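Novice: Got a sequence here, can you model it:
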Amino acid sequence: MNLLRSIFEFGIVLSVLKISIMLSVLALGMQATFADATCMFRNPRDLGRAILAMNVVMPVLAILLAVTFNLDPAVKIALVSLAVSPVPPFFPKKGAKAGGSESYSVGLLVATAVLAIAVIPITMLIFERLADVPLQMAPRSVAALVLTSVLVPLVIGIALAAVAPKFAERFAKPIGTLASILLVLIVAPIFLTSIRTVLSLIGNGTLLSFGVFALAGYFVGDLMGRPKFEKRRVLALATSSRHPAIAVTIAHANFPQQRLVVPAIILYLIVSGIVTGLASRRKPQRIAPAQPEKRMAA
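Specialist: Numbering: from 1, shown residues only. Next up is the predicted model:
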């Protein structure tokens, strides 16, 4: 009975989380353009640098951390799941607040989501061979998740902005606010009820490994995004921030019996938020006072 109840509760939590994400991406799309969404694919060099930072360096680092420290299995699963996940849907706003290019942020969100369909299964296969741990995530499952949570709502939002700009301008902010409220309503109870479980994971190098993963991600992204300040900040945050819903889905698909993974991912989000918040306070000198890039259409 308890098992059925926890599965039911997990299903509700995941469903509400997905709805919140879809609304957030819809609101984002209502303030963007198709040029924003495809900018990374029109700049192969930027796309290659992002792939190297997010899909090569970070998975390798996750393996090294999992092997080096005597971590709880849930923490190892969380690291692997986070390392292969794309950027979160709320990321473009975070990147813009940090002084990054909004167009580049939206393009990176789209590019990582599209590439995740191939990147996640391939990377997990490599993890399986190296760590001798059964891991699997069919491309079809990843595609369905990416399409429903990122690409479809983003395209709908962009289309609305194109054909009904006044409607998009009026309702983008309320929809984004509703998405944020849903996220708080679903995340806050989870955090409050699982805070003891989250704290129980601290030790055996957990905080250190999460801190190293987040900080290394920030500086790897900053390095790969150079020389432009606007791209450095965005890629730095993207490399250390990952899509929590996709990470949870990957972990649950492979280890449904491991109930500590969600608290571990919550703990990483806290550590990552603190680490990247402190790191982004640095004020790197701009290379040149170039004209600001085009902002997303309202």
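Novice: What count of nearby residues applies to residue 118?
Specialist: Residue 118 sits with 13 neighbouring residues when counted by other CB atoms under 10 Å. Every residue, glycine included, has its C-beta placed from N, CA and C.
Novice: what sits against it?
Specialist: residue 139 (CB atoms under 8 Å, 6 or more residues apart in numbering).
Novice: Which of the three states applies to it?
Specialist: helix (DSSP: H, G, I helix; E, B strand; the rest coil).
Novice: Give the buried residues for stretch 41-59.
Specialist: Within stretch 41-59, the residues that count as buried by 16 or more other CB atoms under 10 Å are 43, 46-47, 49-51, 53-55, 57-59.
Novice: Please compute how far that stretch lies from its chain's middle.
Specialist: Its chain's C-alpha centre and that of stretch 41-59 lie 15 Å apart, by CA atoms, centre = their mean, to the nearest Å.
Novice: Also stretch 139-148?
Specialist: 15 Å.
Novice: Which positions within the helix or strand containing residue 278 qualify as buried?
Specialist: Using DSSP states H and E, residue 278 sits in helix 261-279. Neighbour counts using 16+ other CB under 10 Å place 261-269, 271-272, 275-276, 279 of helix 261-279 among the buried residues.
Novice: do the same with stretch 173-188
Specialist: 175-176, 178-180, 182-183, 186-187.
Novice: In TSV: those residues, plus distance to residue 77 and pLDDT.
Specialist: As requested, the buried residues of stretch 173-188 are exported to TSV (distance: CB to CB, whole Å; pLDDT from 0 to 100):
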residue	distance to residue 77	pLDDT
175	33	93
176	31	88
178	32	91
179	27	88
180	28	84
182	26	85
183	23	80
186	21	75
187	20	73
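Novice: Output those residues as JSON lines; include the columns distance to residue 145.
Specialist: Converted to JSON lines, those look like this (distance: CB to CB, whole Å):
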{"residue": "175", "distance to residue 145": "21"}
{"residue": "176", "distance to residue 145": "21"}
{"residue": "178", "distance to residue 145": "22"}
{"residue": "179", "distance to residue 145": "17"}
{"residue": "180", "distance to residue 145": "21"}
{"residue": "182", "distance to residue 145": "18"}
{"residue": "183", "distance to residue 145": "17"}
{"residue": "186", "distance to residue 145": "17"}
{"residue": "187", "distance to residue 145": "19"}
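Novice: Filter those down to the ones in helices?
Specialist: Counted as lying in helices by DSSP state H, out of the buried residues of stretch 173-188, are 175-176, 178-180, 182-183, 186-187.
Novice: which residues of the stretch 51-200 of the chain score low on pLDDT?
Specialist: Residues of the stretch 51-200 of the chain that meet the criterion pLDDT under 70 lie in 92-100, 131-138.
Novice: what about the closest residue to residue 111 other than its chain neighbours, distance to residue 163?
Specialist: Among residues not flanking residue 111 along the chain, residue 40 sits closest, at 3.9 Å (CB to CB, 6 or more residues apart in numbering). Distance of residue 40 to residue 163, computed by CB to CB, to the nearest Å: 24 Å.
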